[in-house]
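Enquirer: When you get a sec, could you give me coordinates for this:
(one chain, ligands or ions: 1)
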Amino acid sequence: MYSKKLYGFIFLVGLSIFLMLENLYPHTSMASSLENNKTPILSQATVVAQNTSDFVLPPLTYDYDALEPYIDSQTMTFHHDKHHAGYVKNLNEAISPYPEFQGQTIEELLLNIDTLPEDIQTTVRNNGGGHSNHSIFWSIMTPDSEGEPTGELASTISRDFGDFAALKEEFNTAGKKQFGSGWAWLVMNDEGKLEIINTPNQDSPLLEGKYPIMGNDVWEHAYYLKYQNKRGDYLDAWWNVINWSEVNQRFLAAQDFIDQ
Ligand code: MN
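Expert: Next up is the predicted model:
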């Protein structure tokens, strides 16, 4: 009689401790269990892949003024610390009521946007896209640009565009022709070919199954303080700060993505 009560008591204490710990660390177990189900290619995607339940603003790997005179310090500060930070905050707020999606990478969320609850699809498209696009953007810039494409990317540009000058011209035209806010992109399509596209707002090329290799932000917040209405001058100047070794890494990741 007493021992039954004692066992019951011990069981309840154990259960309470378990529930308390589960409550304290719910995301840890969720993230690690979902992480095991990830497809290998997505975990290879550079820079923007995150496995935690909360998305974080990636720090710049250079100073705010490092890209001057092409991109000014004030623009970099507001753009990174305010605009991008805002996308991350809104994305986390949208996902927080849905723990079943918290272990996914930003690429997974965007690639499978139709599977998300309807009430957060637009928020994830805009703010998740904003987070993904800007994470790529910071990573493919550097004060120590090599000046032109390197590695396997260089020969594939010749194959698909003729030469680097032709790619530049097509890319800048895509940036200039994007009406209102958006992005110009070098992407890999599902046939493994390089393509130039533009997207409105914060739409990621992943939404149309294309892998973003390199993108330039043509929202006015990206250039207006220095260039005002001269978007073309900003597009021309941007080629001076491209981190071509990182772009080549993204090109290699794009091939893995398409091959899977
Ligand atoms: Mn931006």
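Enquirer: And the residue of the stretch 101-250 of the chain closest to the ion?
Expert: Going by C-beta to the ion, the ion is nearest to residue 217 of the stretch 101-250 of the chain, at 4.2 Å. Yep, even glycine has a C-beta here, placed from its N, CA and C like the rest.
Enquirer: thought that residue was touching residue 130?
Expert: No: with contacts defined as C-beta atoms under 8 Å, residue 217 does not count as touching residue 130, sitting 9.8 Å away.
Enquirer: Who does the residue of the stretch 101-250 of the chain closest to the ion form a beta bridge with?
Expert: residue 183 (DSSP bridges).
Enquirer: who's in contact with it?
Expert: 79, 133, 134, 137, 183 (C-beta atoms under 8 Å, 6 or more residues apart in numbering).
Enquirer: Dump the C-alpha coordinates for the strand or helix carrying the fourth one into PDB.
Expert: The one in question is residue 137. Assigning secondary structure by DSSP states H and E places residue 137 in helix 129-139. Provided in PDB are the C-alpha atoms of helix 129-139 (Å, rounded to 0.1, in the frame of the first residue of the first chain):
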ATOM      1  CA  GLY A 129      13.200  36.400 -48.700                       C
ATOM      2  CA  GLY A 130      14.600  39.600 -47.300                       C
ATOM      3  CA  HIS A 131      16.700  37.700 -44.800                       C
ATOM      4  CA  SER A 132      18.000  35.200 -47.400                       C
ATOM      5  CA  ASN A 133      18.700  37.900 -50.000                       C
ATOM      6  CA  HIS A 134      20.600  40.200 -47.700                       C
ATOM      7  CA  SER A 135      22.600  37.400 -46.100                       C
ATOM      8  CA  ILE A 136      23.800  36.500 -49.600                       C
ATOM      9  CA  PHE A 137      24.400  40.200 -50.500                       C
ATOM     10  CA  TRP A 138      26.700  40.900 -47.500                       C
ATOM     11  CA  SER A 139      28.700  37.700 -48.100                       C
END
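Enquirer: What helices and strands are in contact with that helix?
Expert: Judged by 3 or more C-beta pairs under 8 Å, 6 or more residues apart in numbering; DSSP states H and E, helix 129-139 is in contact with helix 85-95, helix 106-111, strand 211-217.
Enquirer: at 6 Å instead, please
Expert: In this structure, helix 129-139 makes packing contacts with helix 85-95, strand 211-217, judged by 3 or more C-beta pairs under 6 Å, 6 or more residues apart in numbering; DSSP states H and E.
Enquirer: Low-confidence regions, this protein specifically.
Expert: Within the chain, the set of residues satisfying pLDDT under 70 comprises 1-53.
Enquirer: mind listing the strands for it?
Expert: Assignment of strands within the chain using DSSP state E yields the ranges 182-188, 194-200, 211-217.
Enquirer: Among those, single out whichever gets nearest to residue 65.
Expert: Among the strands of the chain, strand 211-217 comes nearest to residue 65, with 18.2 Å by C-beta to C-beta.
Enquirer: contacting residues around the residue in the stretch 51-200 of the chain that the ion sits nearest to?
Expert: At 5.1 Å from the ion, residue 83 is the closest residue in the stretch 51-200 of the chain, using C-beta to the ion. With contact taken as C-beta atoms under 6 Å, 6 or more residues apart in numbering, residue 83 is in contact with residue 221.
Enquirer: Quick check: residue 248 touching residue 146?
Expert: No: using C-beta atoms under 6 Å as the test, residue 248 is too far from residue 146 to be in contact (9.6 Å).
Enquirer: That concludes my questions; thank you for your assistance.
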